[in-house]
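# Could you look at this predicted model? Sequence included:
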Amino acid sequence: MTAVPQDSAAQTVDVKPAAKRGGAAHVALGIFVSRLFGIVRQMLTASYLGATGAGDAFAAAFKITNFLQNLFGEGALSASFIPVYSKLAKKDPEEAGRVAGAVGAILALVVAIIVLVGIIATPLLIPLIAQGFEDDRRALTIRLTRILFPGAGIFVISAWCLGILNTHGKFLLSYLAPVFWNLAMIGALLFAGPRQGERDLATTIAWASVVGAALQFLVQVPSTLRLDRFLRIGGGGSKPHVRTVMRNFGPAFVSRGVVQISSYVDNWLASFLPFGMVATFSYASAIVVLPVSLFGMAVSAAQLPDMSTADGSEEEIATYLRASLSRGLRQIAYFVVPSAAAFLAFGDVLAAVLFQRGKFTAADSRYAWGILAGAAIGLLASTMGRLYSSTYYALHDTKTPLRFAIVRVTLTTVLGYLFALWLPPRIGIDAHWGAAGLTASAGIAGWIEFLLLRSRLNKRIGRTGIPARFIIALWGSAIVGVLAGWEMRRLTEGRGLIGGLLVLATFGVVYLLMTIALAVPEASAAVDRIRRRF
């Protein structure tokens with residue numbers, strides 16, 4: 001077999017300092033463990049709440065408060081704070097501590113005000129997120145949203161800790177911290193699930209979410225204070241540096257807001273779909289976000305501090321960034337391509353293995369399959385787009401990703417309405433399948449955004465991307481894996497959970513063996529990492 005060539009820049013330039021090697025692996029490990037607990041939480045939620053009115057209300061309330069977390073939290077804060085803080089921590093640690101303290105104080109004040117306003121104004125927010133809800137579902141959504149708002153504010157402050165920890169190369173703790181949040185909710189579900197009705201249980205796990213958010217923040221505080229001994233909350237860092245963070249935060253904040261609007265448009269449209277589809281959309285999204293977080297977020301989060309410290313001439317910085325970007329894109333594609341293939345071919349198997357028990361039925365698994373298949377269209381673009389955005393942020397450019405995010409949201413909104421609500425009745429299909437149209441439309445818009453990001457960055461730092469032969473090798477391996485998985489599915493038909501696990505395992509093993517046979521370097525690296533650990 002012919003070896004799949006690596007990008008030449010990736011071969012000749014080592015973009016990561018020794019102290020931060022393995023950062024992406026640590027981020028991925030932390031995300032994997034926390035997402036694993038998150039899946040367990042979703043499994044229990046699906047079992048006890050299912051695709052019911054209470055399930056819809058909890059999913060919608062969680063989406064509303066999650067808006068605050070995502071808007072102010074990791075994405076916007078990392079894009080504006082880490083590039084400035086990373087350079088200062090390297091050159092002037094004392095000033096870095098003062099800037100971090102000033103940013104933390106400003107963030108805490110702003111978030112406290114927004115949480116208070118959000119609790120008071122909750123009834124006004126519901127029509128923006130779930131206009132299709134009426135009566136009991138609407139009332140329960142308001143109640144749950146008010147409970148969840150303070151927890152969302154705590155999550156934002158946790159993102160400030162994450163920025164400091166990541167800059168100092170402590171990736172694992174910051175991404176393991178959400179385990180404590182998930183554990184609080186899992187404990188509440190296990191204790192109250194068999195004892196309470198759906199509405200009371202939704203309230204219980206909302207309170208558990210707030211407790212878990214506090215735990216997630218508190219476990220990061222000791223290490224944050226230890227790593228930055230100059231840190232003083234409200235420490236009054238020099239105005240130019242704090243202003244730079246705030247100036248960069250504005251476009252990053254709006255960019256994150258635009259992306260979040262896309263998510264909320266999906267939720268708003270889903271509220272007009274048949275009863276229970278908001279909850280089903282939420283459960284399926286927990287599967288979709290796994291590869292995006294594990295591979296897109298892991299690589300982007302680990303490389304942003306390093307890319308932000310790039311120094312030298314414009315050509316040297318461009319070479320450094322191209323090499324880092326090339327290697328990151330290959331890592332992302334190696335794992336995301338089979339994820340997309342699995343969503344397309346085995347979405348119902350994934351949903352059944354994870355959620356099909358209690359009040360979550362086989363029909364719900366089939367609808368979840370449609371949502372996953374739609375998401376597969378743009379999965380690779382979404383994950384690679386994260387790394388391209390991080391490269392812009394490393395260059396202190398938060399405006400370009402914002403402009404392209406607006407294009408994406410506009411397309412998602414228009415196409416989402418057409419595919420989810422307008423098209424199904426006109427072609428005579430069940431309205432439940434409109435949920436698949438939501439994720440498919442987001443996927444198409446995601447590809448357009450990715451192409452715009454890449455095209456503009458190529459003009460700035462030179463050609464970037466992945467060789468076509470590499471992508472062909474990955475998709476060819478994935479197709480062979482799908483064929484093997486379908487054969488295993490035929491042989492294990494009717495064997496429930498065990499059969500589903502065998503189908504997924506067969507697909508994964510065959511994909512790995514095929515990429516090894518094709519001499520894909522990332523396959524050998526994955527095997528080597530497994531061997532070293534065990």
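Happy to help now that I have it. Numbers count the residues shown, from 1 in each chain.
# alpha carbons only for contacts and neighbour counts from here, please
Noted.
# In the strand or helix carrying residue 393, which residues are buried?
Taking DSSP states H and E as the definition, one finds residue 393 inside helix 379-394. By neighbour count with 16 or more other Cα atoms under 10 Å, helix 379-394 contains the buried residues 379-394.
# mean confidence score for that helix?
Throughout helix 379-394, pLDDT has a mean value of 89.
# What helices and strands are in contact with it?
If you count contacts as 3 or more Cα pairs under 8 Å, 6 or more residues apart in numbering; DSSP states H and E, helix 379-394 packs onto helix 74-91, helix 298-308, helix 314-355, helix 399-417, helix 434-461.
# re the thing from before, and which of the buried residues of helix 379-394 is nearest residue 294?
Lowest distance from residue 294 to these (Cα to Cα) belongs to residue 383, with 9.5 Å.
# Do I have it right that residue 43 meets residue 352?
No. Contact criterion Cα atoms under 8 Å: residue 43 and residue 352 do not qualify, at 10.2 Å.
# and residue 149, how many neighbours?
Close neighbours of residue 149, defined as other Cα atoms under 10 Å, add up to 27.
# ok, it touching residue 117?
No. The criterion here is Cα under 8 Å, and residue 149 misses it with residue 117 at 9.8 Å.
# Using CSV, write down the CA coordinates of the helix holding residue 393.
C-alpha atoms of helix 379-394 as CSV (Å, rounded to 0.1, in the frame of the first residue of the first chain):
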residue,chain,number,x,y,z
LEU,A,379,-19.6,17.5,11.0
LEU,A,380,-16.1,17.7,9.5
ALA,A,381,-16.6,21.4,8.5
SER,A,382,-17.7,22.4,12.0
THR,A,383,-14.8,20.7,13.7
MET,A,384,-12.1,22.0,11.3
GLY,A,385,-13.7,25.5,11.4
ARG,A,386,-13.0,25.7,15.1
LEU,A,387,-9.3,25.3,14.5
TYR,A,388,-9.4,27.9,11.7
SER,A,389,-11.2,30.3,14.0
SER,A,390,-8.5,29.7,16.7
THR,A,391,-5.8,30.6,14.2
TYR,A,392,-7.5,34.0,13.5
TYR,A,393,-7.8,34.5,17.3
ALA,A,394,-4.0,33.8,17.6
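# now it against helix 434-461, angle please.
40 degrees (axes from the mean of the first three to the mean of the last three Cα atoms, to 10 degrees).
# So what touches helix 379-394?
Under the criterion Cα atoms under 8 Å, 6 or more residues apart in numbering, residues 79-80, 83, 292, 295-297, 299-301, 304-305, 307-309, 321, 325, 328-329, 332-333, 336-337, 340, 398, 400-401, 443, 446-447, 449-450, 453-454, 457 lie in contact with helix 379-394.
# relative to helix 314-355, how tilted is it?
Computed by the same axes, to 10 degrees, the angle between helix 379-394 and helix 314-355 is 140 degrees.
# re earlier: any idea which of the buried residues of helix 379-394 is closest to residue 51?
When the buried residues of helix 379-394 are compared against residue 51 (criterion: Cα to Cα), the nearest one is residue 379, at 24.8 Å.
# separation between the closest one and residue 386?
11 Å (Cα to Cα, to the nearest Å).
# Alright, that wraps it up for me.
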